[in-house]
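> coords below, sequence missing:
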Ligand SMILES: O=C(O)c1cc(=O)[nH]c(=O)n1[C@@H]1O[C@H](COP(=O)(O)O)[C@@H](O)[C@H]1O
């Protein structure tokens, strides 16, 4: 697997449609973060060119959350492997055959240099009530564990979950799976549309490998200083 990251650390989410803005953020946060994330907003505006450009600063976590039939997802993985991301996401709810096809496509495209395949379990914006509206009873923690088992058995290298499920996933699956965790809110920062949240220090203490942090960094007056402050807090924790 390509550039298996040292852990734990910060992944800065470059959520903007403007490549110039994303590059400026990437340059400012690069000394303080392990990876930068290209998500749907930037990718839909700028495509793979954005991955190539921000990869000049840090390795790229390409977060497109694939969820389609196995053949289509395999093709999408082959397409994005052209930009050699370090990690990519798909939805665990796409099922075992889709995840197996994605991993095979990544291996066939890049071999040992392939991206880590991360399965998104239950989005951090979901509460138990919101999840129940989609037909999933029992709450997020139970569903995260169910989807995590499915994804890891199908060949995912890691999981995306909220801070609130990290310790349960470590208890169930041990140290090996990469746990990549959004829904991070330093004390006093705006919660926005996130629901299942915790502070950076709490999330690392629970056993996370990577903290995905967007607006607490990018909405700050000085994104580089905001990333530096969060990174310093993790060293002390
Ligand atoms: O896959 C993700 O990265 C992801 C999964 C999830 O469940 N929740 C979640 O917020 N994310 C991403 O993590 C980032 C969080 O950004 P902020 O809420 O601004 O810190 C966004 O880019 C989301 O797309």
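Now that the structure is in, tell me what you want to look at. All of these numbers come straight from a predicted model, not from anything done at the bench.
> OK, contacts around residue 35?
5, 9, 11, 12, 58, 59, 60, 61, 86, 87, 210 (Cβ atoms under 8 Å, 6 or more residues apart in numbering). The way it works is simple: take the backbone N, C-alpha and C, and place the C-beta from them, glycine included.
> Let me know whether residue 67 touches residue 90 as I believe.
Yes. Shown here, residue 67 and residue 90 form a contact pair, counting by Cβ atoms under 8 Å, at 6.5 Å.
> Test of understanding: give the bridge partners of residue 90.
residue 66, residue 119 (DSSP bridges).
> between residue 67 and residue 90, who's got more neighbours?
residue 90 (26 against 16; other Cβ atoms under 10 Å).
> Quick check, that one in contact with residue 121.
No. Counting by Cβ under 8 Å, residue 90 does not reach residue 121; the two are 11.3 Å apart.
> tally of neighbours for residue 135?
6.
> wait, residue 49
Residue 49: 12 neighbours (other Cβ under 10 Å).
> Also the one 10 residues further on?
Number of residues near residue 59 (other Cβ under 10 Å) recorded here: 18.
> ok so, going back, can you pull the residues that touch both of residue 67 and residue 90?
When contacts are counted by Cβ under 8 Å, 6+ apart, residue 67 and residue 90 are jointly contacted by 73, 98.
> related to what we said a few turns ago, shared neighbours of residue 90 and residue 121, anything?
Taking Cβ under 8 Å, 6+ apart as the contact rule, residue 90 and residue 121 have no neighbour in common.
> Strands along this protein, start to end?
9-13, 35-38, 60-66, 87-91, 116-120, 158-160, 178-181, 210-213 (DSSP state E).
> Mind putting the ones you listed into JSON lines with mean pLDDT and distance to the ligand?
Formatted as JSON lines, the strands of the chain follow (pLDDT from 0 to 100; distance: least, Cβ to the nearest ligand atom, whole Å):
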{"stretch": "strand 9-13", "mean pLDDT": "97", "distance to the ligand": "4"}
{"stretch": "strand 35-38", "mean pLDDT": "98", "distance to the ligand": "6"}
{"stretch": "strand 60-66", "mean pLDDT": "98", "distance to the ligand": "5"}
{"stretch": "strand 87-91", "mean pLDDT": "98", "distance to the ligand": "5"}
{"stretch": "strand 116-120", "mean pLDDT": "98", "distance to the ligand": "5"}
{"stretch": "strand 158-160", "mean pLDDT": "98", "distance to the ligand": "5"}
{"stretch": "strand 178-181", "mean pLDDT": "98", "distance to the ligand": "7"}
{"stretch": "strand 210-213", "mean pLDDT": "98", "distance to the ligand": "4"}
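> right, and those strands - which one's nearest residue 19?
The closest of the strands of the chain to residue 19 is strand 35-38. By Cβ to Cβ, the value is 9.9 Å.
> Partner strands of that closest one, with direction?
In the sheet, strand 35-38 lines up with strand 9-13 (parallel), strand 60-66 (parallel) (DSSP bridges).
> List the contacts of the longest one.
Pointing back at strand 60-66 there. Under Cβ under 8 Å, 6+ apart, the answer for strand 60-66 is 11, 13, 35-40, 43, 51, 54, 73, 76-77, 80, 83, 85-91, 94, 98, 102, 115, 120, 180, 212.
> Drop anything exposed from those.
Buried subset of the contacts of strand 60-66 (neighbour count, 16 or more other Cβ atoms under 10 Å): 11, 13, 35-39, 43, 51, 54, 73, 76-77, 80, 83, 85-91, 94, 98, 102, 115, 120, 180, 212.
> No more questions from me, cheers.
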